[in-house]
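Colleague: let me see the structure of the following:
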Amino acid sequence: MNKRVFSFFILLVALFVSALYYSNSVQKPLLITLNTFKSYYHSSTEYIQDQIEKHFFQAQKIEELKTSLQKYENNHLVMRQLATEINDLYKENNSPLKTHPQVTLVRTIAYQKFGDFNRIWMQIPDYNASKIYGLTYKEYVAGIVIPKNGEALGLLNRDIQCSYSVLVGAQHAPGIAHGNGGEYIIIKFIPGWYNIKAGDEVISSGLDNIFFKGLKVGQVRSVQKAQGYQNAIVEQYYKADNPNYFYLIRKLK
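Modeller: Sure thing, here's the model as predicted:
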């Protein structure tokens, strides 16, 4: 009798795990609940940490924040001036073009799966699941954000499904960046007539409606020829092991 009860219990567990893994109707509400709990946990721990820092390191923290604020205010004013001048130039020439980029600081919640450090759940205010967004970290391209069961899932550069448009070297050879799950990322479909070599820098192209043009991606380590195209093996600049925050590019122009 005990064996039958135990077998029945194992069967129920197996059915529940299968439903959880394969069924979106089961997976989505559980995922939302877990991510909500994790978000609340992170907010609580950050609040406690902030209160401790305010109490014990208030003077030092104020000076650091003042320095950072002056730096960011200066950069913001410079960028605002450039955007205004560009928009005025468009207006002067009766051009319908305009520039009004939007960037938001967003927080990570948790890794999607234990042991996979290339996929992370993101907490993004006013998230639009119909779009793909770009993630940056300290002015480097870090990955993209895609929808997963209606939630925001960050795919970092090394993930095999992370893909975006780039330019390689001084000639700005076009290519597509892909993760391969390993240490380096790969730039595929570089036309064969471009002279690509080790040491060339890789930047975002801005042509995929994901990233601004010119954001740094990495540096070429080696080049492989493949059926009229070239593939570049690239060491990425983004190397944060445990990131808590990223900048999300909501709008390019």
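
Colleague: can you give me the neighbour number for Lys197?
Modeller: 12 (other Cβ atoms under 10 Å). For glycine as for every other residue, the C-beta is placed from the backbone atoms N, C-alpha and C.

Colleague: do you know how far it is from Val166?
Modeller: Going from Lys197 to Val166 by Cβ to Cβ, to the nearest Å gives 16 Å.

Colleague: burial of Lys251, as a residue count?
Modeller: When neighbours are defined as other Cβ under 10 Å, Lys251 has 13 of them.

Colleague: meant to ask about Val223, not that
Modeller: 18.

Colleague: is it fair to say it lies in a helix?
Modeller: No - Val223: not assigned to a helix; according to DSSP: H, G, I helix; E, B strand; the rest coil it is strand.

Colleague: enumerate every residue touching it.
Modeller: Ile196, Lys197, Ala198, Gln230, Asn231, Ala232, Ile233 (Cβ atoms under 8 Å, 6 or more residues apart in numbering).

Colleague: from these, which is closest to Arg250?
Modeller: Ala232 (29.3 Å; Cβ to Cβ).

Colleague: can you flag which of the contacts of Val223 belong to strands?
Modeller: Judged by DSSP state E, the contacts of Val223 include Gln230, Asn231, Ala232, Ile233 as members of strands.

Colleague: of those, which is the most crowded?
Modeller: Neighbour max across these (other Cβ under 10 Å) = Ala232, 28 neighbours.

Colleague: if we can go back for a sec, could you export the ones in strands among the contacts of Val223 as CSV, including pLDDT and distance to Tyr90?
Modeller: CSV is the format used below for these (pLDDT from 0 to 100; distance: Cβ to Cβ, whole Å):
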residue, pLDDT, distance to Tyr90
Gln230, 95, 37
Asn231, 95, 38
Ala232, 97, 35
Ile233, 97, 40
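
Colleague: where's Cys63, which helix or strand?
Modeller: Let me fix one detail, which is that residue 63 is Glu and not Cys. Per DSSP states H and E, Glu63 falls inside helix 58-92.

Colleague: ditto for Ala110
Modeller: Judged by DSSP H and E, Ala110 forms part of strand 102-111.

Colleague: after that strand, which helix or strand is next?
Modeller: Using DSSP H and E, the first helix or strand after strand 102-111 is strand 119-123.

Colleague: how about Pro125: what's its closest non-neighbour residue?
Modeller: Counting by Cβ to Cβ, 6 or more residues apart in numbering, Pro125 lies nearest to Thr104, which is 7.2 Å off, once chain neighbours are set aside.

Colleague: that neighbour: what's it in contact with?
Modeller: Going by Cβ under 8 Å, 6+ apart, the list of residues near Thr104 reads Ile124, Pro125, Tyr247, Leu248, Arg250.

Colleague: of the residues you listed, buried ones?
Modeller: Buried by 16 or more other Cβ atoms under 10 Å: Ile124, Tyr247, Leu248, Arg250, out of the contacts of Thr104.

Colleague: ok, Lys91 - how many residues close by?
Modeller: 12.

Colleague: you'd agree Val145 is in a helix?
Modeller: No - going by three-state DSSP, the assignment for Val145 is strand, not a helix.

Colleague: next, count neighbours for the nearest residue to it once chain neighbours are set aside.
Modeller: Of all residues not flanking Val145 in the chain, Tyr133 sits nearest, at 4.2 Å (Cβ to Cβ, 6+ apart). By the criterion of other Cβ under 10 Å, Tyr133 has 25 neighbours.

Colleague: ditto for the one 5 residues further on
Modeller: Residue crowding around Lys138 was assessed by other Cβ under 10 Å; the count is 13.
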